[in-house]
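> using only what follows, build the 3D model:
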Amino acid sequence: MRFIDLAILWYSVKNMNCYFASLLIILLLLCGCRTEEIAPPKSQKTPAIEPVTITPREPGCTGCHEVVKLDPAHNLPCTSCHGGLDNEGNIDKAHTSLIAKPAHPANMAVACGTCHPRQITDAIHSLHFTLSKEINAIRTHFGSPNRLAAPTDIPVATSITTPLALADDMLRRRCLRCHVYSSGDKYPAVTHGTGCSACHLSFTGGKLQSHAFTPPTDTQCLSCHYGNYVGSDYYGRYEHDFNWEYRTPYTIGKTSSRPYGVETHDLATDIHQQRGLTCVDCHQDSGHNQSLSLACNSCHDWQPGRPTPPLRNLKVQNNALVLTSRQSGREYTVPIMQHPAHRQYQQKVACQVCHGQWSVNDATTHLLLSKTDKYEPWERLTVQSSSEIETLLEHNLSGDKDERPPTMRDGLTGESRQGVWYQGFGQRRWEDMIIQKDTDGVIKVFRPILDLRLSMVEADGQVLFDSIKGSGTGLRPYTPHTTGHAGLFYLDRFKDLLTPDGKPIP
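Below you'll find the predicted structure:
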């Protein structure tokens, strides 16, 4: 600080209180007095820009795409399955006649069938591809006089005027979104391939892991058989309710803890799962072979001298039936039925009536096709076991984004149409199994699979259908994959359905 500046400062404070004036001067001096002026900042030179070296891409598929992992049986050039031209540097020419999804049902006869004609023919007619039982059960329930051979035969109505047309739209857009025609929902554990790759390629966290084709694992099976159906119950998973108050822990805006779309209760797993068996240990070639028919007693009622049940991983060893796990290679001795109740009731009562630990009992299931843009009523029900609906609701309820129209894709074609299918339940329960006599006279476990109520509201708010109910009670026989020990009180489950002499009541 210059002397003249100090003098001016002293003059300006000479009439102030001596204490405060002295303190001010001391503080200024402590801040660092110097006799030189503050030098202006030195100019900085702009660094020279290094030239960017662009490495030209190699022609061919691997010039743009990462090298993928292949299994020994499919160690083929990319163009063998995907078409296009290899050793071509121009992307448009390289993608000539490209098949993005060669294993898709529309392409697999050419791409996969060249080497696997029998497997493709069997797959096309398998229940995994046709879903004929489920589709025709629902269509018959809502008045269809005929049966369909394939899901692609489900009509697409330009105008929905009948309960059956409404049910058809529900099948295409709400039910078939995990079918082999689709890649599934965008949840980590349920995204999968299409066609052959749905079962034979591995996806983790919603992403394809490799191009190595392998036998199906439980991961592939559960990418479709989840959400309170066979598969989930084998692993003891039971979905929480959709309302956010009944789901814990709270994970609003996150899906990492909801790999299957909805949080789950952890219930008792099937005893076969506890022992280390996987789905394909019993359900062999279910995606290809229609003729293979098995029941629990196929293995558990086997006796020495009888033919071995038709499973490739079974053998007879020391007068015992031994099963080798197709995934782990571990061997298991199959326990044979010993309790006298098996001989007494085997022809009258299904196995799971006594051995099922719990069963899905969701009733009633309400489904609404809404073409309106009113989303507020669904604020607490944004989780719908559908990533497409969840994304739409969360986006439109955020309030700070342009609203998206109420549309939903067709699970078979991928085309979007007006209207969104919302779902809800009268109750979600598993405690009490429904046990009744079936039409064949056998006492079985039932579940309200077809206890459905369909509704529809137009864009202007006009209600076209209100809780339409199909024929019958909606109860269907079901085999819960929750096998366990029968326990002491097994008879209490079905004794009211027996006559005094132990026969099912007519």
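> go through stretch 354-367 and flag the buried ones.
354-363, 365, 367 (16 or more other CB atoms under 10 Å). Every C-beta, even on glycine, is put in place using the N, C-alpha and C of the backbone.
> export only the CA atoms of it, formatted as CSV.
This file holds the C-alpha atoms of stretch 354-367, laid out as CSV (Å, rounded to 0.1, in the frame of the first residue of the first chain):
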residue,chain,number,x,y,z
CYS,A,354,-51.7,-83.4,-1.0
HIS,A,355,-48.2,-82.3,-2.0
GLY,A,356,-48.7,-78.7,-3.1
GLN,A,357,-47.5,-76.3,-0.5
TRP,A,358,-49.4,-73.3,-1.8
SER,A,359,-51.1,-72.2,-5.0
VAL,A,360,-51.8,-69.0,-6.8
ASN,A,361,-55.3,-67.7,-6.1
ASP,A,362,-55.7,-64.3,-7.7
ALA,A,363,-59.3,-63.4,-8.1
THR,A,364,-61.0,-61.5,-9.8
THR,A,365,-58.7,-60.2,-12.6
HIS,A,366,-60.0,-57.0,-14.1
LEU,A,367,-58.7,-55.7,-17.4
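> which one among the buried residues of stretch 354-367 gets closest to Gly60?
Leu367 (49.2 Å; CB to CB).
> ok, what's across the strand from that closest one?
Beta-bridge partners recorded for Leu367 (DSSP bridges): Gln423, Leu454.
> wait, it sits on Phe425?
No - counting by CB atoms under 8 Å, Leu367 sits too far from Phe425 to count as a contact (10.3 Å).
> tell me the contacts of His337?
Just so we're on the same page, residue 337 is Met rather than His. 297, 300-301 (CB atoms under 8 Å, 6 or more residues apart in numbering).
> let's see that with 6 Å instead.
Residues counted as contacts of Met337 (CB atoms under 6 Å, 6 or more residues apart in numbering) are 300-301.
> so what's the residue count around His65?
Residues near His65, counting by other CB atoms under 10 Å, number 10.
> surely it is within a strand?
No - under DSSP: H, G, I helix; E, B strand; the rest coil, His65 falls outside any strand and is assigned coil.
> distance of it relative to Glu388?
His65 sits 28 Å away from Glu388, going by CB to CB, to the nearest Å.
> so what touches stretch 180-200?
Taking CB under 6 Å, 6+ apart as the rule, stretch 180-200 contacts 101, 103-105, 108, 112, 178, 201, 203, 205-206, 213, 216, 220, 223, 259-261, 287, 387, 411-412.
> ok, Gly84 touching Pro102?
No - assessed by CB atoms under 6 Å, Gly84 is found out of contact with Pro102, at 10.8 Å.
> output the below-cut-off pLDDT ranges for the chain.
Low-confidence segments of the chain (pLDDT under 70): 1-48, 50-57, 249-256, 289-292.
> three-state assignment of the residue positioned nearest the centre of it?
When CA atoms, centre = their mean is applied to the chain, the residue found nearest the centroid is Val190 (3.1 Å). Three-state call for Val190 (three-state DSSP): coil.
> what does the one 5 residues further on give?
Classification of Gly195 by three-state DSSP places it in coil.
> do you know how far it is from Gly231?
20 Å.
> quick one: contacts for His82?
Contacts of His82 by CB under 6 Å, 6+ apart are 99, 102.
> would you mind checking the contacts of stretch 180-200 for buried ones?
101, 103-105, 108, 112, 178, 201, 203, 206, 213, 216, 220, 223, 259-261, 287, 387, 411-412.
> which of those residues fall in helices?
Among the buried ones among the contacts of stretch 180-200, the members falling in helices (DSSP state H) are 108, 220, 387.
> show me what contacts the last one?
Same thing as Ser387. Counting by CB under 6 Å, 6+ apart, Ser387 has contacts 185-187.
> counting neighbours, which of those comes out on top?
Result: Asp185 is most packed of the contacts of Ser387 (other CB under 10 Å), 24 neighbours.
> what about that residue, distance to Asp169?
As judged by CB to CB, Asp185 and Asp169 stand 19 Å apart.
> what does Val383 give?
Applying CB to CB to Val383 and Asp169 gives a distance of 22 Å.
> same check, this time on Leu294
36 Å.
> neighbour count winner among the two?
Asp169 (23 against 13).
> which non-adjacent residue is nearest the more buried one?
Nearest non-adjacent residue to Asp169, counting by CB to CB, 6 or more residues apart in numbering: Ile160, 6.1 Å away.
> and Ala486, by the same measure?
That would be Cys354: by CB to CB, 6+ apart, it lies 4.2 Å from Ala486.
> what of Thr96?
Once flanking residues are discounted, Thr96 sits nearest to Leu85: 5.6 Å by CB to CB, 6+ apart.
> thought the one you found was touching Asp92?
No - between Leu85 and Asp92 there is no contact under CB under 6 Å: 10.1 Å.
> so which of the two has more stuff around it?
Between Leu85 and Asp92, counting by other CB under 10 Å, Leu85 is the more crowded of the two (16 against 7).
> what strand or helix carries the more buried one?
Following DSSP states H and E, there is no helix or strand that holds Leu85.
> show me what contacts it?
By CB under 6 Å, 6+ apart, the neighbours of Leu85 are 93-94, 96.
> cool, and Leu452?
Each residue near Leu452 by CB under 6 Å, 6+ apart is listed here: Thr365.
> so Ser232 touches Tyr226, yeah?
Yes - using CB under 6 Å, Ser232 is in contact with Tyr226, at 5.0 Å.
> those two - which one has more neighbours?
Neighbour comparison, Ser232 and Tyr226: the larger count goes to Tyr226, with 26 against 20 (by other CB under 10 Å).
> take the buried ones among the contacts of stretch 180-200 and keep only those in strands.
Among the buried ones among the contacts of stretch 180-200, the members falling in strands (DSSP state E) are Phe203.
> any idea how far Leu70 is from Thr219?
20 Å.
> repeat that for Ser286.
Taking CB to CB, one finds Ser286 at 26 Å from Leu70.
> which one's more surrounded, those two?
Using other CB under 10 Å, the more surrounded residue of Ser286 and Leu70 is Ser286, with 17 against 14.
> so where do the strands sit in the stretch 151-300 of the chain?
Using DSSP state E, counting those that start in this stretch, the strands of the stretch 151-300 of the chain run over 203-204, 207-208, 237-239, 264-266.
> please compute how far the last one lies from its chain's middle.
Translated: strand 264-266. In terms of CA atoms, centre = their mean, to the nearest Å, the centre of strand 264-266 is found 15 Å from the chain centre.
> do the same with stretch 180-199
8 Å.
> just the C-alphas of it, formatted as CSV.
Extracted in CSV, the C-alpha atoms of stretch 180-199 (Å, rounded to 0.1, in the frame of the first residue of the first chain):
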residue,chain,number,x,y,z
VAL,A,180,-41.5,-66.1,-28.9
TYR,A,181,-42.7,-63.5,-31.4
SER,A,182,-41.6,-60.8,-29.0
SER,A,183,-38.4,-59.9,-27.1
GLY,A,184,-40.4,-59.6,-23.9
ASP,A,185,-40.8,-56.8,-21.5
LYS,A,186,-37.9,-54.4,-20.8
TYR,A,187,-37.2,-55.7,-17.3
PRO,A,188,-33.8,-57.2,-16.5
ALA,A,189,-34.8,-60.8,-16.2
VAL,A,190,-37.5,-61.1,-18.8
THR,A,191,-36.0,-59.7,-22.0
HIS,A,192,-35.2,-62.6,-24.3
GLY,A,193,-34.6,-63.5,-27.9
THR,A,194,-37.3,-64.4,-30.4
GLY,A,195,-38.1,-67.7,-32.0
CYS,A,196,-35.3,-70.3,-31.4
SER,A,197,-33.2,-67.7,-29.6
ALA,A,198,-35.8,-67.2,-26.9
CYS,A,199,-34.8,-70.6,-25.4
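> ok, Ala459 - contacts?
371-372.
> what strand or helix carries it?
Counting by DSSP H and E, Ala459 is found in no helix or strand.
> look up how far Pro405 lies from it.
10 Å.
> right, I'll call it a day here.
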